[in-house]
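Trainee: could you look at this predicted model? Sequence included:
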Amino acid sequence: MMARRRGLRPGGPISNPARLLALSFLGVIIIGTALLMLPPATNDGTGADLLTALFTATSATCVTGLVVQDTGSYFSSFGQVVILSLIQIGALGIMTFSSFVALALGRRLGIRSRAALQEVMDQPDPKSLVELVEFVVKMTFLAEALGAVLLALRWHAWGYSWPRAAYLGIFHSVSAFCNAGFSTFSDSLERFGGDAWTVGIMSFLIILGGLGFPVVMELKRKGPLSVHTKLVLIVTGVLLASGTGWFLWLEWGNSLKDMPLGRKILSAWFQSVTARTAGFNTVDIGSLRGVTLFLLMVWMFVGASPGGTGGGVKTTTLGILILSVRAALRGRGEVEAFGRAIPPRLVYRAVAIVVVGLGVLVTFAALLLATQEGGQVGLMFEAASAFGTVGLSTGVTPNLTPLGKVLVIVLMFAGRLGPLTITLAIRERPYEGGRRLPSARVMTG
């Protein structure tokens, strides 16, 4: 009885899918930390210290991209392969991989495995779950392979040897599709800021990974689009276009001042693409105006789309909230989208995600401000980047105290799992609706 009350069954796995998801990520992080502490993981042959290894493993598994040591110069080839493996596993989830292997071996998924996968992929229909798992893994490796080839060809033309170009292409293709933001270049992608091919390839991989696998799968079928897919595409398109425009306007006379027109547009576009999910940069983030950093914080908080490789509260959450505001302003009794009604439970879920997410972000930002030295805007930006699992940085992260780094580690972990998943993991059992209560009138506004 006590075991069940704690979410366990004697001799069985953890029954709470959200808790299983959290523990699976934690397990990967622990293994990654141990591997990065091995002597071969660093170029000096001593291995990373515990805090550096834990921070890097968490950042990679949570596909964030914040670092306390330069990935290219501090970590050896072995260490970089460990980081890349953590990125790949963290982006898709250990349960997705294990389920794919089980299916490939001809085994059937158990009830708990299906429930956990439904939690990971936000897929309510168990019938299409197996098909989606297979599609996710196949599409991931196909997209990453294509991106690696294209990047290798392009970077070989920049003067890198074929082996080096191939390695860089693989690393950055995986990092881009998984929305991780890790780079072996010390300046991220600033050296390629004016190269339309590099910016185009990386943008394609980042957007594809951030759209969400269910959306890509639906687009592949070429049938009528669901409300979910329409909402994802519209919100994503609006955020990309408006982000590019805002960045151009705000930074035209600042970080973009000395660039030719073509590079100005490329840089504004790429920062709009990468700000919500990936964390690569083609301009120095530390040189941006305060108002631009605030804009990027909003974009980072929104993040990618459900079922994708990015973090944040998700584009559909923003879309539902905007539709809810529109319904309230029009005096409508229900929220509508494309001729369909959005169920109240989804509206409640969207509100809960944003409120809990803001609560987590504000709490940790306040803790960083209270315990760390440095610019307030930079610390708040770092907190937003960690929660959104983005990885953009003004350069604050390496200078944080051990306590500050631990706070960012926890924030990255919470951001990757999502605020609602954290809540569900803590809660013992889902609330089952009971009797209807009489209505109450409360004054608002």
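Mentor: Cool, the structure landed.
Trainee: can you give me the strands in the stretch 251-400 of the chain?
Mentor: Here the stretch 251-400 of the chain has its strands, by DSSP state E, counting those that start in this stretch, at 335-337, 340-342.
Trainee: make that the stretch 101-250 of the chain, sorry
Mentor: Going by DSSP E, counting those that start in this stretch, the stretch 101-250 of the chain shows no strands.
Trainee: helices of that one, start to end?
Mentor: Using DSSP state H, counting those that start in this stretch, the helices assigned to the stretch 101-250 of the chain run over residues 111-121, 129-157, 162-177, 196-211, 213-221, 227-251.
Trainee: mind checking which of those helices is nearest residue 363?
Mentor: Residue 363 sits nearest to helix 111-121 of all those, at 24.3 Å, using C-beta to C-beta. For every residue, glycine as well, the C-beta is placed using N, CA and C.
Trainee: and the average pLDDT for that closest one is what?
Mentor: Across helix 111-121, the average pLDDT comes to 61.
Trainee: stretch 177-188 too?
Mentor: pLDDT averaged over stretch 177-188 gives 95.
Trainee: got the CA positions of stretch 64-73 in PDB?
Mentor: The C-alpha trace of stretch 64-73 is given here as PDB (Å, rounded to 0.1, in the frame of the first residue of the first chain):
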ATOM      1  CA  THR A  64      20.400  24.100 -23.800                       C
ATOM      2  CA  GLY A  65      23.900  25.100 -24.900                       C
ATOM      3  CA  LEU A  66      25.000  27.100 -22.000                       C
ATOM      4  CA  VAL A  67      28.600  26.300 -21.100                       C
ATOM      5  CA  VAL A  68      31.200  27.100 -18.500                       C
ATOM      6  CA  GLN A  69      34.100  25.900 -20.600                       C
ATOM      7  CA  ASP A  70      34.600  26.300 -24.300                       C
ATOM      8  CA  THR A  71      33.500  23.100 -26.000                       C
ATOM      9  CA  GLY A  72      36.000  23.100 -28.800                       C
ATOM     10  CA  SER A  73      39.200  23.900 -26.800                       C
END
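Trainee: and it, how far out from the chain middle?
Mentor: Centroid displacement of stretch 64-73 relative to its chain, using C-alpha atoms, centre = their mean, to the nearest Å, is 17 Å.
Trainee: so which bits of it are buried?
Mentor: With burial defined by 16 or more other C-beta atoms under 10 Å, the residues of stretch 64-73 counted as buried are 64-69, 71.
Trainee: which residues are contacting it?
Mentor: 43, 48, 51-52, 55-56, 58-59, 75, 80, 83, 175, 180-186, 278-280, 311, 382, 385-386, 389-393, 397-398, 400, 405, 408, 412, 415-416 (C-beta atoms under 8 Å, 6 or more residues apart in numbering).
Trainee: about what we covered before: next, format the helices of the stretch 101-250 of the chain as TSV and append distance to residue 299 and mean neighbour count.
Mentor: Listed next are those as TSV, based on distance: least, C-beta to C-beta, whole Å; neighbours: other C-beta atoms under 10 Å:
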stretch	distance to residue 299	mean neighbour count
helix 111-121	24	19
helix 129-157	23	18
helix 162-177	17	22
helix 196-211	12	22
helix 213-221	19	18
helix 227-251	6	18
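Trainee: wait, which of these is closest to residue 359?
Mentor: helix 111-121 (21.4 Å).
Trainee: residue 272 is in contact with residue 238, isn't it?
Mentor: No. Here residue 272 does not reach residue 238: they are 10.9 Å apart, not a contact under C-beta atoms under 8 Å.
Trainee: pass me the low-pLDDT residue ranges in the stretch 101-250 of the chain, would you?
Mentor: Residues of the stretch 101-250 of the chain that meet the criterion pLDDT under 70 lie in 101-128.
Trainee: can you do 80?
Mentor: Low-confidence segments of the stretch 101-250 of the chain (pLDDT under 80): 101-133, 222.
Trainee: all helices of the stretch 251-400 of the chain, in order?
Mentor: Using DSSP H, counting those that start in this stretch, helices in the stretch 251-400 of the chain cover 261-275, 290-302, 315-329, 344-371, 376-387.
Trainee: now the ones you listed in CSV, with mean pLDDT?
Mentor: Converted to CSV, the helices of the stretch 251-400 of the chain look like this (pLDDT from 0 to 100):
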stretch, mean pLDDT
helix 261-275, 96
helix 290-302, 96
helix 315-329, 95
helix 344-371, 94
helix 376-387, 96
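Trainee: nearest to residue 221, out of those helices?
Mentor: It is, among the helices of the stretch 251-400 of the chain and with distance given as C-beta to C-beta, helix 315-329, at 19.5 Å.
Trainee: name the helices or strands packed onto the closest one?
Mentor: helix 227-251, helix 290-302, strand 335-337, strand 340-342, helix 344-371 (3 or more C-beta pairs under 8 Å, 6 or more residues apart in numbering; DSSP states H and E).
Trainee: so what touches that helix?
Mentor: By C-beta under 8 Å, 6+ apart, the residues outside helix 315-329 that reach it are 228, 231-232, 234-236, 239, 302-306, 333-337, 342, 346-347, 350-351, 353-354.
Trainee: so residue 32 belongs to a strand, correct?
Mentor: No. Looking at residue 32 with DSSP: H, G, I helix; E, B strand; the rest coil, it is helix, so not inside a strand.
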